[in-house]
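Student: Structure for the following, please:
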Amino acid sequence: MNASMLSYILFSCLLLSVQAEYCGVREIIRYTQRLLGDSSVSCPCRQTATSSCSCLPIPEQGHELACFVDGTKHLMGNKESSNLVIRRLYKTFQAQLDRNLCKRLAHGDQCQYETKGNVTEFLKKIQTTYQEIHK
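Tutor: Sure thing, here's the model as predicted:
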């Protein structure tokens with residue numbers, strides 16, 4: 001085996017190890033800050049069916065990714081909220097969950113929560129979760 005082949009193999013292993021821990025922290029924090037700056041996501045959560053505002057799961061410890069997938073999927077279903085940033089968040093969370101990319105977040109396939117909140121509370125939970133990873 002020559003030196004160039006060995007360096008290629010080492011470089012490939014390095015890329016795989018970096019990718020395995022890809023949490024997309026900066027992008028997710030940037031996306032949530034952008035959405036939190038949007039006034040249309042700040043309406044109150046009402047559990048009644050007549051409310052136009054979403055009640056989204058505020059995840060329990062260890063169930064963050066599954067709840068983030070469920071919540072962003074729900075937001076994409078709302079016609080007024082189905083924007084590109086929410087779609088990107090959803091795809092990122094789904095990829096992290098499916099491929100076990102972010103080792104720092106425990107992976108449970110089921111979203112478990114005790115409370116629900118409005119879109120702003122949900123986004124703040126995403127933001128604080130990823131800010132903790134960033135530390």
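
Student: need the strands for this protein, in chain order.
Tutor: Applying DSSP state E to the chain gives strands spanning 56-59, 113-117.

Student: Switch those over to JSON lines; also include mean neighbour count, distance to residue 25 and mean pLDDT.
Tutor: For every residue, glycine as well, the C-beta is placed using N, CA and C. Formatted as JSON lines, the strands of the chain follow (neighbours: other C-beta atoms under 10 Å; distance: least, C-beta to C-beta, whole Å; pLDDT from 0 to 100):
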{"stretch": "strand 56-59", "mean neighbour count": "23", "distance to residue 25": "17", "mean pLDDT": "93"}
{"stretch": "strand 113-117", "mean neighbour count": "14", "distance to residue 25": "22", "mean pLDDT": "91"}
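
Student: can you put the ones you listed in TSV and add distance to residue 123?
Tutor: Output for those, formatted as TSV (distance: least, C-beta to C-beta, whole Å):
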stretch	distance to residue 123
strand 56-59	9
strand 113-117	9
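
Student: Look at residue 22 and report its pLDDT.
Tutor: Confidence at residue 22, expressed as pLDDT, is 70.

Student: what do you get for the one 3 residues further on?
Tutor: On pLDDT, residue 25 comes in at 90.

Student: My understanding was that it contacts residue 133; is that so?
Tutor: Yes - Residue 25 is within contact range of residue 133, at 5.4 Å (criterion: C-beta atoms under 8 Å).

Student: in this structure, which ranges drop under the pLDDT threshold?
Tutor: 1-21, 39-43, 46-53, 78-82, 107 (pLDDT under 70).

Student: Pick out the residue closest to the middle of it.
Tutor: residue 93 (4.1 Å; C-alpha atoms, centre = their mean).

Student: doesn't residue 69 make contact with it?
Tutor: Yes - using C-beta under 8 Å, residue 93 is in contact with residue 69, at 4.7 Å.
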